[in-house]
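[1] Predicted model follows, preceded by the sequence.
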Amino acid sequence: MSWKNAYLESRILSASPIDLVNILYEHAILEVREARRNLAAGEVAARSRNIAKAIAIIGELQSSLDLRAGGEIAANLARLYPYLRERLTSGNVQQSDSPLAEVTQLLETLADAWRAINTVSNEISTSNPWSNTPAGQLPFTDGAPSTTAGWSL
């Protein structure tokens, strides 16, 4: 196993669900970028492999959608993912860069949004005002706890 594969495996095994989504977007973008490079270089087989990998990653993203919990966002992604796969297929068959460039841009936009979600999620999980508050005290936003007479956990 190469060091890159070992590193990726370690990232995946220690990742939160949001981190996993970010890893998938990261690798989908890398595959489409590599497909574009291979298209420019005339490397048909390599380009096709890259596009097949990107399509598979997008399929994984789509299969992980929870339409009930995700609401409108999940429904929109459920419509967008097949479009992305169609554009990748079109770019491969037509040997055209413009569909691949479009997919790259869309994936980068989605990846930026998921990174922002991850940042906010991490901030929320690390800013729990109750985490260091002794029993019988309520946290205040200024950091000074308040003692509540006769109340304890």
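    Great, that's in hand. Residues are numbered from 1 along each chain as shown.
[2] out of everything not next to it in sequence, what's closest to the most centrally placed residue in the chain?
    Most central in the chain under Cα atoms, centre = their mean is Asn22, positioned 2.5 Å from the mean C-alpha point. Distances taken as Cβ to Cβ, 6 or more residues apart in numbering place Trp114 nearest to Asn22, at 5.3 Å, with adjacent residues excluded. Every residue, glycine included, has its C-beta placed from N, CA and C.
[3] separation between that neighbour and Leu24?
    9 Å (Cβ to Cβ, to the nearest Å).
[4] For the protein, which segments count as helices?
    For the chain, the helices defined by DSSP state H occupy 3-13, 17-41, 44-63, 67-94, 97-126.
[5] lowest-confidence stretch among those?
    Sorting those by mean pLDDT places helix 3-13 lowest, at a mean of 69.
[6] OK, contacts around Leu67?
    Neighbouring residues of Leu67 by Cβ atoms under 8 Å, 6 or more residues apart in numbering: 74-75, 78.
[7] Include neighbour count and distance to Glu31 when you put those residues into a markdown table, please.
    Below are the contacts of Leu67 laid out as a markdown table (neighbours: other Cβ atoms under 10 Å; distance: Cβ to Cβ, whole Å):
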| residue | neighbour count | distance to Glu31 |
| --- | --- | --- |
| Ala74 | 15 | 23 |
| Ala75 | 12 | 26 |
| Ala78 | 13 | 21 |
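[8] Now distance to Leu100 too, for the residues you listed, in a markdown table please.
    Putting those into a markdown table (distance: Cβ to Cβ, whole Å) gives the following:
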| residue | distance to Leu100 |
| --- | --- |
| Ala74 | 25 |
| Ala75 | 26 |
| Ala78 | 22 |
